[in-house]
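K.L.:
Predicted structure and sequence below. I'll ask about it afterward.
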Amino acid sequence: MSRTRIVFFAVIALAVLIVAGALIWQSVSSPGDSTIALPDAPDELEVRVVCALPAEPWVQEAARQFNAGKHELEGIPLKVTIIPMDGWTAKGRLERGEMDPLPTAWIPENRYLVDLANVVYKERLGRDVFLTDGEYRARPIAVSLLAWGIYESRASVLEAAYGEITWQAIHDTAMLPGGWKDIGGEDDWLYFKLAISNPRKNISGLGAMIAAAGEYYDDTGISSDEIGTPDFQQWLEDILSSMSDLSGGAYTVSDLALFGYSTGDAGQLLESDLLANMAGIQTRWDDPLRIYYPKYVTWFDFPFTVWMGPETSALEKNAALEFEEFLLSEEMQRDALARGLRPVNPDVPLDAPGSLFVQWQDQGAMLVVPRTTRMKSPDRDTLEGLLRWFDLNIAGGR
């Protein structure tokens with residue numbers, strides 16, 4: 001036998017001895033069980049959803065029905081927990097790392113809040129934590145917009161005086177030295193009172209300020225330089241100084257329903273809130289509320305956004321998608337419609353049974369919004385500049 005063959009068979013024999021030794025060692029060290037131990041499956045998968053305040057009643061009810069339906073993923077029971085939180089507040093807490101535990105998903109009022117938070121994390125981590133494509137992308141689950149809600153008696157006087165209800169008309173009414181009586185209103189109406197949400201407690205208030213700036217500049221896009229001009233700031237201060245109360249501010253439309261004129265004569269508020277509270281306003285007060293749609297519109301698209309960081313497991317992320325699909329189902333989209341939100345499921349028309357848009361058409365609600373001038377999402381500097389200005393000049397002066 002040649003030397004080469006001897007070496008070859010020696011190597012083969014050594015390899016066999018090594019494998020045999022490993023098998024003997026495994027059987028000795030793990031008698032009766034040669035399988036690899038796997039981590040136990042969780043008893044329950046919890047989906048924690050931080051949800052914007054305007055959509056929270058609908059999403060909370062959806063979570064109740066979802067949990068009652070005993071949904072499972074890979075044989076594991078699912079449980080959805082809803083955490084109500086204004087979108088701007090949630091964005092700040094996410095950016096500062098103050099949410100513990102981190103949510104499985106986030107439903108803010110606007111997609112641009114997601115984009116703003118994502119920029120901060122991408123700079124910090126070098127990757128996205130919220131996606132814009134793929135199955136985990138942010139997807140709208142309902143839509144609403146800011147509209148004017150005005151008591152009918154006041155609306156009649158404004159239309160007679162100005163022809164159209166605009167931010168400029170609101171400004172001029174707020175600046176009347178004699179109050180409402182100067183344009184034909186009743187003496188006991190006194191001075192004009194604006195009702196918008198406190199922008200520090202509800203982002204719809206910030207959206208109203210953005211829409212006002214859009215009308216002032218006759219432009220759908222506003223910049224930090226524009227909101228910093230003295231003329232604009234004085235004009236906006238004239239308007240916002242007529243706000244009746246800043247102590248609450250998160251649920252202004254429900255305050256209108258409860259307290260009437262003492263909350264405000266008119267305001268630019270979320271359409272879904274106006275519709276949801278319309279019945280209470282109609283039955284509580286002799287003066288019905290009317291809805292008017294502004295030229296410059298701030299839209300809210302309530303994107304369902306899955307957190308893509310390692311803090312949540314792949315199973316938890318997929319469980320969030322299960323709840324997202326439930327929210328987009330025809331049944332839950334009809335429930336959204338009955339709460340004044342515009343469905344995104346094309347199989348649910350706005351005039352479906354139970355629609356608040358149909359119920360309150362006589363008060364100005366419209367199935368199709370006649371305006372196309374949608375406000376663009378301002379950048380971070382513009383938004384933060386508006387809020388700083390509000391803190392110093394409006395909230396700080398009260």
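P.N.:
Structure received. Numbering: from 1, shown residues only.

K.L.:
which residues touch the most centrally placed residue in the chain?
P.N.:
Against the mean C-alpha coordinate of the chain, by C-alpha atoms, centre = their mean, the closest residue is Glu109 at 1.7 Å. By C-beta atoms under 8 Å, 6 or more residues apart in numbering, Glu109 lies in contact with 52, 54-55, 87, 203-204, 207, 300, 302. For glycine as for every other residue, the C-beta is placed from the backbone atoms N, C-alpha and C.

K.L.:
now do 7 Å
P.N.:
Glu109 makes contacts with 52, 54, 87, 203, 300, 302, as judged by C-beta atoms under 7 Å, 6 or more residues apart in numbering.

K.L.:
go on, Glu98?
P.N.:
The contact partners of Glu98, by C-beta under 7 Å, 6+ apart, come to none.

K.L.:
what pLDDT does it get?
P.N.:
pLDDT recorded at Glu98 is 95.

K.L.:
mind checking how far stretch 231-239 is from the chain centre?
P.N.:
Averaging C-alpha positions (C-alpha atoms, centre = their mean, to the nearest Å) puts stretch 231-239 27 Å from its chain's average.

K.L.:
correction: stretch 155-166
P.N.:
The mean C-alpha position of stretch 155-166 is separated from the chain mean by 32 Å, C-alpha atoms, centre = their mean.

K.L.:
Over to stretch 151-158?
P.N.:
Stretch 151-158 sits 31 Å away from the centroid of its parent chain (C-alpha atoms, centre = their mean).

K.L.:
Just the buried residues of that stretch, please?
P.N.:
For stretch 151-158, a neighbour-count test (16 or more other C-beta atoms under 10 Å) marks 151, 153-155, 157-158 as buried.

K.L.:
residues making contact with that stretch?
P.N.:
Stretch 151-158 is contacted from outside by 165, 169, 173, 180, 183-185, 265-266, 287-290, using C-beta under 7 Å, 6+ apart.

K.L.:
again, only using 6 Å
P.N.:
Applying C-beta atoms under 6 Å, 6 or more residues apart in numbering, the contact partners of stretch 151-158 are 165, 169, 183-185, 265-266, 287-290.

K.L.:
In strands only, show me the residues you listed.
P.N.:
266, 289-290 (DSSP state E).

K.L.:
would TSV of these with neighbour count be doable?
P.N.:
Shown next, in TSV, are the ones in strands among the contacts of stretch 151-158 (neighbours: other C-beta atoms under 10 Å):
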residue	neighbour count
Ala266	26
Leu289	26
Arg290	24
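
K.L.:
one step back: quickly find the element holding the residue nearest to the centre of the chain.
P.N.:
Assessed by DSSP states H and E, Glu109 sits outside every helix and strand.

K.L.:
Confirm that Val49 sits in a strand.
P.N.:
Yes - assessed with DSSP: H, G, I helix; E, B strand; the rest coil, Val49 lies in a strand.

K.L.:
Was I right to think it contacts Pro84?
P.N.:
No - taking C-beta atoms under 6 Å as the definition, Val49 is not a contact partner of Pro84, at 9.9 Å.

K.L.:
Who has more neighbours out of these two?
P.N.:
The neighbour comparison of Val49 against Pro84 (other C-beta atoms under 10 Å) goes to Val49, with 26 against 15.

K.L.:
Name the nearest residue to the more buried one, sequence neighbours excluded.
P.N.:
Counting by C-beta to C-beta, 6 or more residues apart in numbering, Ala105 is the residue found nearest to Val49 once chain neighbours are left out, at 4.9 Å.

K.L.:
partner residues bridging that neighbour?
P.N.:
For Ala105, the beta-bridge assignment (DSSP bridges) gives partners Val49, Val306.
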